[in-house]
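[1] Dropping the sequence and predicted coords here.
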Amino acid sequence: STPPLDDATEPASAPLAGALSGIDGRISNLALSILILVFLIRLGILPLTLKADRDRITQNRLDPKWKALKSQLREDPSALSRATSKLMKESGIRPVLNLWAAVAQLLLFTGFFSVVNEACKDSAQSFLFLPALGQPDPTRILPVSIAILLAALLAVTANKITKTRVAVIAAATVGIFALVVELRAGTNLYLTANLALLVLQSAWVGRLIDADRSSRTTRKASSFESKDVVPLRFANAVSGCGGKASRLAALMEAGMPVPDGFVVRGRAIESWRASGAWSASCRDHIVREHARLGVEKVAVRSSGLNEDGGARSYAGVFESILEVKADGLTDAIERVAESLSSDRARVYSNHQTETGSVVVQAMVPAEYAGVLFTEHPGLAGSCAVELVSGLGDELVSGRVDPMSFRFGRSSGRLFGEVKPPIDLEPLLELGRKAETHFGRPQDIEWAFARGRFFLL
C-alpha cells in the first residue's frame, strides 16, 4: 500500500482528496481511484448525455431541412419559428433537457478536476508508465492522447468535415496539448479517461441510431413492396423503382439535398400498358402522394431499370416534363412512361427492351442548373461544371451550349480567369460526398435556387 498524503501539507480539500484516494476504504491506489471516479461520473449522467448525443446527431441530419425552412420562410420570422419548433418536436429534440445535461457535465467535470488535481499534489505513486502521479508525464503519452482524443471527439460530433473545420480541429489539438503538457500526470489521467469515454459514447450512439434508422427504413419500405406508388425516400429499398429513383433515395438517406417526391413503379406502368388505364388504387395513391408534397408544380422524369448506371446514362433519351401542375400530372406520367419504350430508347440500348418507373419530384425553381462531373471526362486530376441560366433540361438534352468551368479535383481551385456567376464550392463539396458514398466518380444533374444547391 502507498502511504496517505502527508498530514502536515494537507490542503483544505483533504477530506475529498482522501476519499478519492481510498473511495471504499479498500482501494489505495490513487490512479485506480481516479479511473473509477471517472467511470462513476459518466455512468451517473449517462441518461442525460445519451439523450443529448441522440439529439445532436438527429439535429445534424436534419440540417438540410433546417436550411430549406430558413430559405422558404426567411421573410416570415414567426412562421419560421413555428416550423422549427414543430420539426424539433416531431424529431424528439428537447433543447432545454440538453442544456441541463451540458450544465451537469460541466459542473461535475470542473468540480472533480479540482479534486483530482489536489489529490495528486506531491503524490509519488506510480502507475504503469507514469513514475509519479504528482509530476508531469515525462513520456508525454498522456498529453498527446488528450490532444488526439479531443480531435476525435470534434470529428465524431461534427455535422460535416470541411477544410475550415479541419483547421479548427488542428488548432484545438495543438492548443490543448500546450495547456495540459505540464499538468500533473494524475490530472491528465483524469482528462484522458473522460475524453476516451466521451468519444466511445458518441461513436456508439451514432452507430445505434444508424442501426435503428436502417431497421425502421427497412420495415417501412417492406410495407410498400406490394404498392404501385412509393415515396422517393424508400426507392432504394423497394424493388422495381429504377436506377435514377434508387440513387436519389440513397442520396436522401445520406442527408443530401434532393427534392422530395414519389415513384410510380414499373409494375403499375406495365399494367397501364396492358389495359390502357390506371387502376383506381394507383390513381388514388398518385393523388395522395402529390398532395403530400404540398407543391404547385412538379417535375416528371424517367427512372429506367438501367438508367444512370455505370454502362449507360440515358441522358436526354427518355422524356422529362417540368413545371407540371396537378391537372396535367396523369398525362405527364403517361408521356414519360411511353418514352421508356420509344424507338430512341431501343436504339440507344442496342435494341434491348428497356423498362422502368416514373419519378415525380417537387419542382425546383432553378436560377441556374447544370451538370457536375466529379471527374473531368477528358482531363485527369480535375472536375468540371457545366451550367445554364434557368432550368437545365435543354442542357441535358444537348439543345444549348453551357458555360463550362474546370476545377482541381482535390483542391477545388478554379482553372482559368472567367469566374462562374455563383459560388460553386458547395456544389463541389456535395459532389465529393456523392462520389464517396457511391464509391466512384459521378455525373450529377443539379439546380440552384434560393441560395441552395439541389441534386436532381
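    That came in fine, so what should we check first?
[2] Do a quick rundown of the strands in this protein.
    Here the chain has its strands, by DSSP state E, at 229-231, 261-264, 298-304, 320-324, 356-362, 368-373, 382-389, 403-408, 414-415, 443-449, 452-455.
[3] Packing partners of the first one?
    Meaning strand 229-231. If contacts are counted by 3 or more C-beta pairs under 8 Å, 6 or more residues apart in numbering; DSSP states H and E, strand 229-231 sits against strand 261-264, helix 280-293. (Glycine included, C-beta is placed from N, CA and C.)
[4] Name the stretch among these that sits most buried.
    Mean neighbour count, computed with mean count of other C-beta atoms under 10 Å, is highest for strand 261-264 among the helices and strands packed on strand 229-231, reaching a mean of 28.
[5] For the stretch 201-350 of the chain, give me the ranges with low pLDDT.
    208-221, 305-317, 342-350 (pLDDT under 70).
[6] What are the buried residues along stretch 129-144?
    Under the neighbour-count criterion of 16 or more other C-beta atoms under 10 Å, stretch 129-144 has 130, 132-137, 142-144 buried.
[7] Oh, that last question was meant for stretch 92-106, not what I typed.
    Neighbour count says stretch 92-106 has 93, 98, 101, 104-105 buried, by 16+ other C-beta under 10 Å.
[8] Check stretch 444-454 too.
    By 16+ other C-beta under 10 Å, the buried positions in stretch 444-454 come out as 444-449, 453-454.
[9] which other residues reach it?
    By C-beta atoms under 8 Å, 6 or more residues apart in numbering, the surrounding residues in contact with stretch 444-454 are 67-68, 71-72, 257-259, 364-372, 374, 391-392, 396, 422, 426-427, 430-431, 434, 455-456.
[10] of these, buried ones?
    Here, 16+ other C-beta under 10 Å leaves 68, 257-259, 364, 366, 368-372, 374, 391-392, 396, 427, 430-431, 434, 455-456 buried among the contacts of stretch 444-454.
[11] all helices of the stretch 151-300 of the chain, in order?
    Along the stretch 151-300 of the chain, counting by DSSP state H, counting those that start in this stretch, helices occupy 163-180, 185-222, 243-253, 266-275, 280-293.
[12] Select, out of those, the one closest to residue 415.
    Nearest to residue 415, of all the helices of the stretch 151-300 of the chain, is helix 163-180, at 18.7 Å by C-beta to C-beta.
[13] Alpha carbons of the closest one, in CSV - could you do that?
    Only the C-alpha atoms of helix 163-180 are listed here, as CSV (Å, rounded to 0.1, in the frame of the first residue of the first chain):
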residue,chain,number,x,y,z
LYS,A,163,-11.3,22.5,-44.7
THR,A,164,-12.2,25.2,-42.1
ARG,A,165,-13.3,22.6,-39.6
VAL,A,166,-10.1,20.6,-40.1
ALA,A,167,-8.1,23.7,-39.5
VAL,A,168,-10.1,24.4,-36.3
ILE,A,169,-9.6,20.8,-35.1
ALA,A,170,-5.8,21.1,-35.8
ALA,A,171,-5.6,24.4,-33.9
ALA,A,172,-7.6,22.9,-30.9
THR,A,173,-5.3,19.9,-30.9
VAL,A,174,-2.2,21.9,-30.6
GLY,A,175,-3.7,24.3,-28.1
ILE,A,176,-4.9,21.6,-25.7
PHE,A,177,-1.5,19.9,-25.9
ALA,A,178,0.2,23.1,-24.9
LEU,A,179,-2.3,23.5,-22.0
VAL,A,180,-2.0,20.1,-20.5
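[14] which residues are in contact with it?
    The contact list for helix 163-180 (C-beta under 8 Å, 6+ apart) reads 142-144, 146-148, 150-151, 154-155, 158, 187-188, 191.
[15] Of all the residues in that helix, which ones are buried?
    For helix 163-180, by 16+ other C-beta under 10 Å, it's 169, 173, 176-177, 180.
[16] quick one: average pLDDT of it?
    Helix 163-180 comes out with an average pLDDT of 87.
[17] chain center to it, what's the gap?
    Its chain's average C-alpha position is 23 Å from that of helix 163-180, according to C-alpha atoms, centre = their mean, to the nearest Å.
[18] for stretch 243-263, same thing?
    14 Å.
[19] circling back to that earlier point, which one of the helices and strands packed on strand 229-231 lies closest to residue 225?
    So among those, strand 261-264 is nearest, using C-beta to C-beta, at 12.7 Å.
[20] ok, the closest one: who's next to it in the sheet?
    strand 229-231 (antiparallel), strand 356-362 (antiparallel) (DSSP bridges).
[21] can you tell which of those is closest to residue 285?
    It is, among these and with distance given as C-beta to C-beta, strand 229-231, at 3.7 Å.
[22] Would you reformat the helices of the stretch 151-300 of the chain as JSON lines and include distance to residue 53?
    Shown next, in JSON lines, are the helices of the stretch 151-300 of the chain (distance: least, C-beta to C-beta, whole Å):
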{"stretch": "helix 163-180", "distance to residue 53": "19"}
{"stretch": "helix 185-222", "distance to residue 53": "4"}
{"stretch": "helix 243-253", "distance to residue 53": "21"}
{"stretch": "helix 266-275", "distance to residue 53": "41"}
{"stretch": "helix 280-293", "distance to residue 53": "31"}
